[in-house]
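Student: Return atomic coordinates for the entry below.
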Amino acid sequence: MNQEIRIALEKQNPWWFGKEYEKGMERLSHYELLLKCLKTPDILLILGARRTGKSTLLYQIITSLNITSESILFMNLDEPLFQSKAEDPLFLSTIIEEYMAQKKHIQKFYVFIDEVQNYEYWVQTLKTMHDTNKRIKFILTGSTAALIKNKISTRLSGRYLATTIYPLSYKEFLQFNKSDSGTITEKKEEVKKYLQFGAFPRVVLEPDETLKQEILKNYFQTIYLKDIIYPHKLRNNKDVFEILYYLISNVGTPLSYTSIGKNLGIATDTVKEYIEYAEEAYLLYTVSKFEHAVKKQIVNPKKIYCLDTGLINAISFKFSENKGRIIENLVFMTLKRKEKEIYYHKGLKECDFVVKEGLKVATAIQVTVSMKDQNVREREIIGLLEAMEMNELKQGYIITEEEKENIVVDGKEIFVVPLYEWLEKMA
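Tutor: Numbering: from 1, shown residues only. Sure thing, here's the model as predicted:
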């Protein structure tokens, strides 16, 4: 192991020398699956967008292990020196093998690799080492969903467990803010912050609102460049940016690839390709219209949602002017975080979300800022009732900013729930 690599590893492994390291705000207790996976021999793969706290969770896992520091090898492959070795097929295995050779008395090694997608040969290397050396437990992070497609699903089949990390849940957000959120007024204020600035850990902890906005813009640039432009070697940055900006500005609106292409003057196939890249980077999510026939789901327009409401506000439009869309995006991400199977309903009328469990739709949800306007009230109720009728549901939900009531129509019960109350129930 040459001196440069050794120095880089020493900086990334302060526990070797009994030094303190940044563990961040405690989140590990919210991820019971991670702790369970640590007890299995499988490779643990932690996925999610950049800046959602994956690296910090690695440090918290390291702290929780309560083992000798020599048993831990941590490598962040965002390190420029390591990036320069991205196409060296022996680089990763050589480091690990040389380290283990120096510690022959260690019975079990925990090898943490951060941003593993930066290394071209990571799948081949880890498969071989996992199969031939049972002394190693691999814990990896990655910032692109392409990691679990194609080669990983075949080459590492049966050898890995994967979980996805998102920006902070509402419960975590309150803990980071050290908020008890006791009164209704306090709850509304906390939800307003959650909506406006989103839930990236660093942003939540930043007290200055101007800096929050700048950090969010920087995050967008980082995801845009590192996980969309660079890995796919895209040359037409302008088209990529225009598509992303257009979609983030139109969250919750049914859009077809063709209509997006016509509006922006970009080929339909290119639009589809760039949206897929944004999904792989966890920046955007597409939601299909609910149809029993999969072919119909594919051809119908998609609704697009963004990873974080703070990103939407920082990149595209003013929070106060588009609160309804922001609330809808937050509801979607809260359901997504719970690993729900989410669609939208459209018949004669529309319903924002239908949530499928197993083979059937289990829940129908409308989202609106307020029901005080009679036209809005009728639209939301009629759309929800249609979705409930088509899916044989007796109950449905309308999530509002702050209103609450129960409505019964033809034996069907509609719960109008304020956002803060719904978020608390989903915690």
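Student: So for stretch 195-212, mean pLDDT?
Tutor: Per-residue pLDDT over stretch 195-212 has a mean of 97.
Student: mind listing what's buried in it?
Tutor: Under the neighbour-count criterion of 16 or more other CB atoms under 10 Å, stretch 195-212 has L195, Q196, F197, G198, A199, F200, P201, R202, V203, V204, E206, K212 buried. (Glycine included, C-beta is placed from N, CA and C.)
Student: ok, now stretch 180-193?
Tutor: Buried residues in stretch 180-193, counted by 16+ other CB under 10 Å: S181, K187, E190, V191, K193.
Student: go on, stretch 215-225?
Tutor: For stretch 215-225, a neighbour-count test (16+ other CB under 10 Å) marks I215, L216, Y219, F220, I223, Y224 as buried.
Student: Residues touching it, excluding its own?
Tutor: Applying CB atoms under 8 Å, 6 or more residues apart in numbering, the contact partners of stretch 215-225 are 49-51, 143, 197-198, 200, 202-203, 206, 240-241, 244, 281-283, 308, 310-311, 313-315.
Student: Convert the C-alpha atoms of that stretch to CSV, please.
Tutor: Taking Å, rounded to 0.1, in the frame of the first residue of the first chain, the C-alpha atoms of stretch 215-225 are listed here in CSV:
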residue,chain,number,x,y,z
ILE,A,215,-27.3,25.1,0.5
LEU,A,216,-30.3,23.7,-1.3
LYS,A,217,-29.2,25.3,-4.6
ASN,A,218,-25.8,23.7,-4.1
TYR,A,219,-27.4,20.3,-3.4
PHE,A,220,-29.3,20.5,-6.6
GLN,A,221,-26.2,21.4,-8.6
THR,A,222,-24.3,18.5,-6.9
ILE,A,223,-27.0,15.9,-7.8
TYR,A,224,-27.4,17.4,-11.3
LEU,A,225,-23.7,17.2,-12.1
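Student: for it, what is the average pLDDT?
Tutor: Mean per-residue pLDDT for stretch 215-225: 96.
Student: Give me the distance from the strand or helix carrying T334 to the chain's centre.
Tutor: Assigned by DSSP states H and E, T334 belongs to helix 323-337. Distance, stretch centre to chain centre, for helix 323-337: 13 Å (CA atoms, centre = their mean, to the nearest Å).
Student: Also stretch 265-281?
Tutor: On CA atoms, centre = their mean, the centre of stretch 265-281 falls 19 Å from the chain's centre.
Student: Just the buried residues of that stretch, please?
Tutor: Quick answer for stretch 265-281 (16+ other CB under 10 Å): I266, T270, V271, Y274, I275, Y277, A278, E279, E280, A281.
Student: just stretch 241-256 next, same as before
Tutor: In stretch 241-256, counting by 16+ other CB under 10 Å, buried: 241-244, 246-252, 254-255.
Student: can you list the domains in the chain?
Tutor: The chain resolves into domains spanning 3-164, 168-329, 340-427 when parsed by automatic domain parsing.
Student: the bottom helix or strand of this protein by mean pLDDT?
Tutor: Every helix and strand in the chain was compared by mean pLDDT, DSSP states H and E; the lowest is helix 151-155, with a mean of 73.
Student: Heading C-terminal from it, find the next helix or strand.
Tutor: Following helix 151-155 toward the C-terminus (DSSP H and E): strand 160-164.
Student: With only the CA atoms kept, save whichever helix or strand comes after that following strand in CSV.
Tutor: Per DSSP H and E, strand 160-164 leads on to helix 170-176 as the next helix or strand towards the C-terminus. This file holds the C-alpha atoms of helix 170-176, laid out as CSV (Å, rounded to 0.1, in the frame of the first residue of the first chain):
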residue,chain,number,x,y,z
TYR,A,170,-41.4,14.7,10.1
LYS,A,171,-40.6,12.9,13.4
GLU,A,172,-36.9,13.2,12.7
PHE,A,173,-37.4,16.8,11.7
LEU,A,174,-38.9,17.7,15.0
GLN,A,175,-36.1,15.9,16.9
PHE,A,176,-33.5,17.8,14.9
